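Enquirer: Based on what follows, work out the 3D shape:
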Amino acid sequence: MLDIKFVRMNPDVVKENIKKKFQDEKIPLVDEVLELDKKNRDIKQEVEALRAERNKISKQIGACMAQGKKEEAEELKSQVQKNAARVESLSAEEKEVEAQIKKNMMIIPNIIDPSVPIGKDDSENVEIEKFGDPVVPDFNIPYHTDIMESFHGIDLEAAGKVAGNGFYYLMGDIARLHSSVISYARDFMIDRGFTYCVPPFMIRSNVVTGVMSFAEMDAMMYKIEGEDLYLIGTSEHSMIGKFIDTLLEEDKLPQTLTSYSPCFRKEKGAHGIEERGIYRIHQFEKQEMIVVCKPEESMKWYDVLWKNTVDLFRSLDIPVRTLECCSGDLADLKVKSCDVEAWSPRQKKYFEVGSCSNLGDAQARRLRIRVKGAEGKYFAHTLNNTVAAPPRMLIAFLENNLQADGSVRIPKVLRPYMGGMEKIERK
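Expert: Numbers count the residues shown, from 1 in each chain. Okay, the predicted model is just below:
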């Protein structure tokens, strides 16, 4: 959410930013906000004037009563009552106007960083850099669920009976591999100085609207019926929510946290949820990283975060690339974002396994996360990035470590988490 003062002083900048995001239908909201803002300030000014007049009249009433001028005092009291009724009416109107301003401001997108490429959708995202050599072996790479089934490692049929499409049972060595990746990702981030955290897996609506746009909320979140609670779509939601209504000491920044959680997503409108496999699912687990920092340090931390994911995947012998998200592919709260994509030898192309985002002060402004500095108080900047989400990570891992005999090689860094196993053998 933008600062209303910024919108007031830079309406053309805000409108141009909306155009860059190809959301022209939102442009009228800017003028509407400016009109409501003027109305709100006029109301406040009138209320202030009426209250000042009330104080003045109160003194006059006292003087009249002292002089025995009861009729004049009664007339003045009548005027005070009229002013009080007007103030009450204006105060009610002020609340309505401010609610509408907030509603509109929650829809107007954040100002994107000048470095963000302009494009309509993800087809216009820009490759930044490749890490590792993508290899296509001289033997056939089966579909990822076929690889898992060769180890008796997945049961989609039973999961479909129990929960429907978009769910799975992981079994045996594949289930152990899944847990090992999560544990390795946790320790990888701890070794890089991040504090480990297991957050609540449900959050209240005021946190939901603080960390994401309404469109994202509708497409992702599962609501707990009868309660003001939502299942988290990623631990970023509750991790950033941890700082709601806080005033952080500047010397305590940055806050660098890595968190584990299950994640629950409706995947509303997503293609492929009916497909066999675990690429797009309703439930998965993930290791996440978040940073709360000073504004001038957020771009530095942005680079640190995505590089952490690249380093993790490369330590598991998985080639990756980074892809800069264009303006039309950025969620409304994001200032800048890039995807980390892993190489798929079977498909002979890269696919998304994580996303790194700098949200500027958008989440902090919504959740009132402020910093107390030497020169006053200001809003913090927040960032988040995927360390590893094993369902997609498993696809990349299995395809890139599959051997010609059908076994899967375990990289050295993961072997301690797999009981020393050097490879997974077919059943």
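Enquirer: so residue 250 touches residue 373, yeah?
Expert: Yes. Using Cβ atoms under 8 Å, residue 250 is in contact with residue 373, at 4.3 Å. All C-beta spots, glycine's among them, are computed from the backbone N, C-alpha and C.
Enquirer: hey, what's in contact with both of the two?
Expert: residue 294 (Cβ atoms under 8 Å, 6 or more residues apart in numbering).
Enquirer: centre of the chain versus stretch 83-95, how much separation?
Expert: Here stretch 83-95 is found 38 Å from its chain centre; the criterion is Cα atoms, centre = their mean, to the nearest Å.
Enquirer: tell me the mean pLDDT over that stretch?
Expert: For stretch 83-95, the mean pLDDT works out to 89.
Enquirer: Okay, buried residues for it please.
Expert: 83, 87, 90, 94 (16 or more other Cβ atoms under 10 Å).
Enquirer: and what of stretch 362-371?
Expert: 362-367, 369-371.
Enquirer: Could you do stretch 214-223 as well?
Expert: 217, 219-222.
Enquirer: Kindly report the same for stretch 160-168.
Expert: Burial within stretch 160-168, assessed by neighbour count using 16+ other Cβ under 10 Å, is assigned to 166-168.
Enquirer: picking up where we left off before, would a markdown table of the buried residues of stretch 214-223 with secondary structure, pLDDT and distance to residue 162 be doable?
Expert: Shown next, in a markdown table, are these (DSSP: H, G, I helix; E, B strand; the rest coil; pLDDT from 0 to 100; distance: Cβ to Cβ, whole Å):
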| residue | secondary structure | pLDDT | distance to residue 162 |
| --- | --- | --- | --- |
| 217 | helix | 79 | 27 |
| 219 | helix | 79 | 25 |
| 220 | helix | 85 | 22 |
| 221 | coil | 89 | 22 |
| 222 | strand | 92 | 17 |
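Enquirer: quick one: which of the residues you listed is nearest residue 397?
Expert: Of all these, residue 220 has the smallest distance to residue 397: 25.4 Å, by Cβ to Cβ.
Enquirer: thought residue 145 was touching residue 278?
Expert: Yes. Counting by Cβ under 8 Å, residue 145 touches residue 278, with 7.1 Å between them.
Enquirer: which residues do those two both contact?
Expert: residue 154.
Enquirer: more crowded one of those two?
Expert: Legend: neighbour count by other Cβ atoms under 10 Å for residue 145 and residue 278, higher for residue 278 (22 against 19).
Enquirer: Next, find the distance separating the more buried one from residue 14.
Expert: Separation of residue 278 from residue 14 (Cβ to Cβ, to the nearest Å): 41 Å.
Enquirer: max-length helix in this protein?
Expert: helix 27-66 (DSSP state H).
Enquirer: just checking, what packs against that one?
Expert: Helix 27-66 sits against helix 4-9, helix 11-20, helix 70-105, with contacts defined as 3 or more Cβ pairs under 8 Å, 6 or more residues apart in numbering; DSSP states H and E.
Enquirer: Give the rounded mean pLDDT of it.
Expert: For helix 27-66, mean pLDDT rounds to 89.
Enquirer: Next, the angle from it to helix 70-105.
Expert: Put simply, helix 27-66 runs at 160 degrees to helix 70-105, going by axes from the mean of the first three to the mean of the last three Cα atoms, to 10 degrees.
Enquirer: So which bits of helix 27-66 are buried?
Expert: Neighbour counts over helix 27-66 (16+ other Cβ under 10 Å) mark 29-30, 33-34, 36-37, 40, 43, 47, 50, 57, 61, 64 as buried.
Enquirer: Flag the shaky bits of the protein, pLDDT-wise.
Expert: Residue ranges of the chain with pLDDT under 70: 268-276.
Enquirer: How are the helices of it distributed by residue range?
Expert: For the chain, helices defined by DSSP H occupy the ranges 4-9, 11-20, 27-66, 70-105, 144-150, 156-162, 172-191, 205-211, 214-220, 235-241, 298-315, 362-367, 390-401.
Enquirer: Good, wrapping up.
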